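S.K.: sharing a model that was predicted from the sequence below.
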Amino acid sequence: MTASPPVARRRDAERTRAEILAVATAEFADRGYDGARVDEIAARTSTTKRMIYYYFSGKRQLYVAALEAAYARIREAEQQVSVDHLGPADAIRRIAEVTFDHHEANPDFIRLVSIENIHRAEHITRLPSLVKINTPAVLLLDRILSRGREAGEFRADVDAIDVHLMISAFCFFRVANQHTFGAIFERDLLDPARRAHYRKMLSDMVVAHLTTL
């Protein structure tokens, strides 16, 4: 049974929109908001500049959509991890590992966030949906911390945003600062031979902070 024309058109539209977003994400990550060109994005997709404006209205809206999608992917990865069967410390370790893996595999996300910080979060502040996207990640950490406190394993003076900050800071720095760090210290932060070391270093650091009274 073939799809009806409206369904087929909707699927084509979804594929086109996803393609535009993927190419736009790479373009904004490589060239920044000011340097990116909608003409170049159109040239690298199977669509036209006119169609990009049809789907996203303008360059600013396209950039904001790319940011929103980038944040949604990391939050989705976190939410798909099952940690309820794990003890509090192991659950925290698992969340840290997921963040570590995602940031390493998605350098465009790191560059987009860096670019948005250069713009002092000018565009993110116009996107209230990001609060909704990011809230579940903090709530998940909060539940794990509550379990840890009830079990007498975690200190009481650390909140979920503190833990999110620790995890994100390590993972973000490792990718964002790999070139400058390598030039100064002659150490490749993405060296596959040291990957397991850094991954464990992150989770050890966070758990140690939570269990040190």
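M.R.: Perfect, I can see it now.

S.K.: contacts and neighbour counts: CA atoms only from here.
M.R.: OK.

S.K.: pLDDT weak spots in the protein?
M.R.: Applying pLDDT under 70 to the chain picks out residues 1-5, 7-9, 131, 213.

S.K.: can you show me the helices along it?
M.R.: Applying DSSP state H to the chain gives helices spanning 5-35, 38-43, 49-56, 59-79, 88-105, 107-118, 129-150, 160-176, 178-185, 195-211.

S.K.: quick one: those helices as JSON lines, columns for mean neighbour count too.
M.R.: Shown next, in JSON lines, are those (neighbours: other Cα atoms under 10 Å):
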{"stretch": "helix 5-35", "mean neighbour count": "16"}
{"stretch": "helix 38-43", "mean neighbour count": "17"}
{"stretch": "helix 49-56", "mean neighbour count": "15"}
{"stretch": "helix 59-79", "mean neighbour count": "18"}
{"stretch": "helix 88-105", "mean neighbour count": "20"}
{"stretch": "helix 107-118", "mean neighbour count": "18"}
{"stretch": "helix 129-150", "mean neighbour count": "16"}
{"stretch": "helix 160-176", "mean neighbour count": "17"}
{"stretch": "helix 178-185", "mean neighbour count": "12"}
{"stretch": "helix 195-211", "mean neighbour count": "16"}
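
S.K.: run the chain-centre distance for stretch 31-50.
M.R.: How far stretch 31-50 lies from its chain's middle: 22 Å, per Cα atoms, centre = their mean, to the nearest Å.

S.K.: what about that stretch, start to end distance?
M.R.: Between the opening and closing residues of stretch 31-50 lies a distance of 21 Å (Cα to Cα, to the nearest Å).

S.K.: excluding chain neighbours, what is closest to the spatially most central residue of the chain?
M.R.: The chain has Ile74 as the residue nearest its centroid, 4.0 Å off, counting by Cα atoms, centre = their mean. Spatial nearest neighbour of Ile74, excluding adjacent residues (Cα to Cα, 6 or more residues apart in numbering): His102 at 6.7 Å.

S.K.: that neighbour and Ser57, how far apart?
M.R.: 30 Å.

S.K.: one more: Ile184?
M.R.: Distance, Ile184 to Ser57, by Cα to Cα: 43 Å.

S.K.: try Phe185
M.R.: From Phe185 to Ser57 the distance is 45 Å (Cα to Cα).

S.K.: kindly report the same for Ala22.
M.R.: Ala22 is 17 Å from Ser57, by Cα to Cα.

S.K.: again, but for Lys132
M.R.: On the measure of Cα to Cα, Lys132 and Ser57 end up 23 Å apart.

S.K.: with Asp157 instead?
M.R.: 46 Å.

S.K.: try Ala29
M.R.: Ala29 sits at a distance of 20 Å from Ser57 (criterion: Cα to Cα).

S.K.: do Arg111 as well
M.R.: 24 Å.

S.K.: can you check Leu141 too?
M.R.: Between Leu141 and Ser57 the distance is 37 Å, computed by Cα to Cα.
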